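Visitor: Here's a sequence, model it:
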Amino acid sequence: MLKKFCLSLFVFLLLIAAWEVATIRLPNLRFVLPAPSKILLALVQWRSRFFFHSMATAKEMLGGFLLATLCAFPLAWSMLRFKVTRTLLQPIFIIIQCLPMFALAPIMVIWFGWGYTAIVLPTMLMIFFPLTLNIYQGFKATPGELLDFFKVNEATHLQTLFKLHLPWALPHIFAGFRISAAIAGIGAVAGEWAGAQKGLGILMLESRRNIDLEITFGALLCLTCMSTLLYGTILLLETLIVRYRYLKLPKLTLAFLKRRKKGLVLPLFLCLFCIFGCNSKESNRVDLLLDWLPNQNHIPLYVGIEQGFFQEMGIDLKIQKMHDNGGVISYLTSKQTDLAIYHLPGTLRAAGYGADLKIVGYLIKKPLRCLIYHADPAVVHPCDLSGKRLGYCIGGPDTSFLDFLLDQGKISDYDKRNVSVDLISAMGTKQVDFIYGGFWNIEPHLLSSFGVTTDYFKIEELNVPPYPEMIILANANSRFGQAPFTGAFQKALQRSIDFCKQEPEQAFASYARANPDKRKKTLRWETVGWQETLPILAEDQVADLEMIQSFHDWQVEQKIVSRRIEPSSLL
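Guide: Numbers count the residues shown, from 1 in each chain. You can find the predicted model right below:
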């Protein structure tokens, strides 16, 4: 036994050593796989942040596990007793299990808002199916002769359940618990990626977008340890209850029910209330949804909160992180957020499809989009990118805007690949030669921090008329789209922008304090980008109707949008 353990340990250490050497010999691996020594160092140095996010994820895992258990037992029992219930529920279980939780989680946010419920429900749904079926199969495996014996002795349904079905089904029940423990973490991460502001899933996502992969893998290791701990705890309980029967669970449960039949409803109600009742929102709070993860374009918002500019205008502003900018408009129109940062091209498109939107503020009134390419003296004009590989990330399947840019730049024979959010990794590993979907004040500086030299062509060089890139939207039918609020909000926002221009270092420090998960190496390149962002921050909050009208007419003319609207309706 000891020899096998030593052999396994040796093989494990050998693999770790090979991993470490590979990261040294192959520099491109730093974009996809950090060295194990750096992961361990990050775990030690950032242990407080890892603990903070681990506790948030643990709460979600346990909440989903508890909710799934509360639902699984009565449904499994009803499936056993009633054929109609079994016939109806089994197809529903299969449909639920076939739904990808990562796609279902954003819908939960739209239904239940930003909070614990929207995160714990995907966790519960992922656990629910295997747990219910395991319990049902355990109940069903009860021998018929024992059931007949209980019937002859006129046992009640409750006695039959707790004295016969439950003890007989314990191995199946714990098998379901073990499966649930193994996948609870996946469900929690799915929920976090849709609508959480903290948790290991959020830490993984943010660090991955910043190519801070030591933190990404450290969070993954924490999630693995938590799932293993939950699995081990269930395995220990199974050993005590099923194998050695140190804990007489069925008898204890039945005794509790006999004494507390009336008092049982209250604990269950309190449990469900804790899960579903944690989403209350203060009446004066104003939620603002970012267009992306926090970056230097958002600094004035954090400054306005810390300096109290918004509070002085009676606005208790709360910033919500966004991990998929393609869903910003849906959250706004469904009133799951009060305000949202977005860009004008997408706003005009959404308005064309009937979304009632109102522009209530401006962060940056210039386009930030560009084609970023590996610096090469041979690339002087956009047409020199012909024959190269393009990686792109856009908020939706429509590539008409990108196709126009490529056509205007006379870029031909390109290999176009949708790399989603992995723009930086694709460029760093040279899977693509140029990218679209980034901003010229962000991605080039991130790539530069890894020693990747790039250059870019702004979209204005490709015959795109000017437009405001970073605008703040409200639902036109809400109070946040009406004059009393918009006037106060614009005044506070412009004060924040003016403060940033006067005290740029203090403004950046406010941003760093508001985002404690950003490490020094991330803040270092963001500081450079911040200096480039300062001159393009909005000079005022006055709407330029002529610019917006001109840009909309151009989109219609180029058939980038097919539905004409009246841009003045947005102002």
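Visitor: Averaged pLDDT, stretch 361-375. What do you get?
Guide: Here stretch 361-375 scores 93 as its mean pLDDT.
Visitor: Please apply the same query to stretch 28-37.
Guide: Rounded mean pLDDT across stretch 28-37 is 80.
Visitor: Can you name the residues in contact with that stretch?
Guide: Contact with stretch 28-37 is made by 16, 19-20, 22-24, 211, 213-214, 217, 424-425, 428-430, 450, as judged by Cβ atoms under 8 Å, 6 or more residues apart in numbering. Any C-beta I mention is one placed from the backbone N, CA and C, and that applies to glycine too.
Visitor: now that stretch, how far from the centre of its chain.
Guide: Chain-centre distance of stretch 28-37: 23 Å, with Cα atoms, centre = their mean, to the nearest Å.
Visitor: Extract the CA atoms of it and return them as CSV.
Guide: Extracted C-alpha coordinates of stretch 28-37, given in CSV (Å, rounded to 0.1, in the frame of the first residue of the first chain):
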residue,chain,number,x,y,z
ASN,A,28,3.4,31.2,-25.4
LEU,A,29,2.0,28.9,-22.7
ARG,A,30,1.7,31.9,-20.4
PHE,A,31,-1.4,32.8,-22.4
VAL,A,32,-3.1,29.5,-21.6
LEU,A,33,-1.3,27.7,-18.8
PRO,A,34,0.7,29.4,-16.0
ALA,A,35,3.5,27.7,-14.1
PRO,A,36,2.4,25.7,-11.0
SER,A,37,4.9,27.7,-8.8
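Visitor: Mind jotting down where the helices sit in the stretch 101-250 of the chain?
Guide: 101-112, 116-140, 144-152, 157-160, 166-195, 200-209, 213-238, 249-259 (DSSP state H, counting those that start in this stretch).
Visitor: among these, which is nearest residue 88?
Guide: The closest of the helices of the stretch 101-250 of the chain to residue 88 is helix 116-140. By Cβ to Cβ, the value is 13.2 Å.
Visitor: buried residues in stretch 362-375?
Guide: Within stretch 362-375, the residues that qualify as buried are 362-374, counting by 16 or more other Cβ atoms under 10 Å.
Visitor: Relative to residue 152, which of these is nearest.
Guide: For the buried residues of stretch 362-375, the nearest to residue 152 is residue 363 (77.2 Å; Cβ to Cβ).
Visitor: any idea how far that closest one lies from residue 20?
Guide: According to Cβ to Cβ, to the nearest Å, residue 363 stands 43 Å off from residue 20.
Visitor: again, but for residue 468
Guide: Residue 468 is 48 Å from residue 20, by Cβ to Cβ.
Visitor: next one: residue 545
Guide: From residue 545 to residue 20 the distance is 59 Å (Cβ to Cβ).
Visitor: related to what we said a few turns ago, which among the contacts of stretch 28-37 count as buried?
Guide: 19, 23, 211, 213, 214, 217, 424, 425, 428, 450.
Visitor: Next, give me the two most distant ones among the residues you listed.
Guide: Among those, 19 and 424 lie farthest apart (Cβ to Cβ), at 21.8 Å.
Visitor: check contacts around residue 443.
Guide: 372, 423, 424, 435, 454.
Visitor: ok, the residue nearest to residue 314 when sequence neighbours are not counted - contacts?
Guide: Spatial nearest neighbour of residue 314, excluding adjacent residues (Cβ to Cβ, 6 or more residues apart in numbering): residue 488 at 6.5 Å. Residues in contact with residue 488 (Cβ under 8 Å, 6+ apart) are 313, 314, 315.
Visitor: what about the closest residue to the last one other than its chain neighbours, which helix or strand?
Guide: Distances taken as Cβ to Cβ, 6+ apart place residue 286 nearest to residue 315, at 5.3 Å, with adjacent residues excluded. Counting by DSSP states H and E, the element that carries residue 286 is strand 285-289.
Visitor: who touches that strand?
Guide: Contacts of strand 285-289 (Cβ under 8 Å, 6+ apart): 114, 281, 301, 310, 315-320, 322, 328, 331-332, 337-341, 472, 480.
Visitor: residue ranges of the helices in the stretch 301-450 of the chain, please?
Guide: Under DSSP H, counting those that start in this stretch, the stretch 301-450 of the chain gives helices at 309-312, 328-333, 344-352, 400-408, 423-428, 443-448.
Visitor: can you list those in JSON lines and add mean pLDDT and distance to residue 499?
Guide: JSON lines is the format used below for these (pLDDT from 0 to 100; distance: least, Cβ to Cβ, whole Å):
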{"stretch": "helix 309-312", "mean pLDDT": "94", "distance to residue 499": "8"}
{"stretch": "helix 328-333", "mean pLDDT": "84", "distance to residue 499": "26"}
{"stretch": "helix 344-352", "mean pLDDT": "88", "distance to residue 499": "25"}
{"stretch": "helix 400-408", "mean pLDDT": "87", "distance to residue 499": "34"}
{"stretch": "helix 423-428", "mean pLDDT": "86", "distance to residue 499": "31"}
{"stretch": "helix 443-448", "mean pLDDT": "92", "distance to residue 499": "23"}
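Visitor: I'd like to know which of those helices is closest to residue 149.
Guide: Per Cβ to Cβ, nearest to residue 149 of these: helix 328-333, 57.7 Å.
Visitor: what's that closest one packed up against?
Guide: helix 101-112, strand 285-289, strand 339-342, helix 344-352, strand 357-364, strand 470-475 (3 or more Cβ pairs under 8 Å, 6 or more residues apart in numbering; DSSP states H and E).
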